[in-house]
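Engineer: kindly return the folded structure for what I paste below:
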Amino acid sequence: MHERTQLLQRIAQERGGLVSRADMAAEHDVRSFDNQAQAISERDDEFAMNEHETAELGDIEAALERIQAGTYGQCIDCGVSIPPARLNAYPTAKRCIDCQTVAEQRR
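Structural biologist: As a prediction, the model looks like this:
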């Protein structure tokens with residue numbers, strides 16, 4: 001919950017409040033910048049950060065759901081317990097290291 005709260009605060013601070021993607025895009029209308037390349041680069045950077053933060057928030061929400069369901073700390077693929085050291089390093093981990101490795105190789 002603490003990580004979720006911090007992330008939401010960071011998102012609000014970076015965007016100047018909770019704004020939609022459309023509002024954020026409108027703020028970066030490249031026609032209004034003298035240097036279009038810089039404007040496009042800044043817009044793309046903000047969108048990439050937005051995507052990352054959205055994914056991170058989704059991971060936190062999923063971990064909270066696993067806590068509610070009583071399955072937090074169990075690998076979603078094989079069911080084994082995820083080592084506490086992994087959960088301390090990455091609290092939203094949903095797979096054991098072996099299953100995570102396989103999942104990443106599939107991508």
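Engineer: domains of this structure?
Structural biologist: 1-72, 73-107 (automatic domain parsing).
Engineer: pull the helix or strand with minimum mean pLDDT from the protein.
Structural biologist: helix 21-27 (a mean of 55; mean pLDDT, DSSP states H and E).
Engineer: okay, now the unreliable bits of this protein?
Structural biologist: 15-34, 36-49 (pLDDT under 70).
Engineer: show me the strands in it, by range?
Structural biologist: Counting by DSSP state E, the chain forms no strands at all.
Engineer: can you give me the helices in it?
Structural biologist: 2-15, 21-27, 36-69, 84-89, 97-106 (DSSP state H).
Engineer: would you list the phi and psi of residue 71?
Structural biologist: phi -110, psi 10 (degrees, to the nearest 10).
Engineer: can you get me the start-to-end distance on stretch 76-96?
Structural biologist: From its first residue to its last, stretch 76-96 covers 8 Å (Cα to Cα, to the nearest Å).
Engineer: buried residues in that stretch?
Structural biologist: 82, 86, 92, 93, 94, 95, 96 (16 or more other Cβ atoms under 10 Å). C-beta coordinates here come from the backbone N, C-alpha and C atoms, glycine included.
Engineer: can you report how many residues neighbour residue 62?
Structural biologist: 14 (other Cβ atoms under 10 Å).
Engineer: that one and residue 93 touch, don't they?
Structural biologist: No. Contact criterion Cβ atoms under 8 Å: residue 62 and residue 93 do not qualify, at 10.6 Å.
Engineer: got the end-to-end distance for stretch 66-79?
Structural biologist: With Cα to Cα as the measure, the ends of stretch 66-79 fall 13 Å from one another.
Engineer: mind listing what residue 4 touches?
Structural biologist: 57, 60, 61, 64 (Cβ atoms under 8 Å, 6 or more residues apart in numbering).
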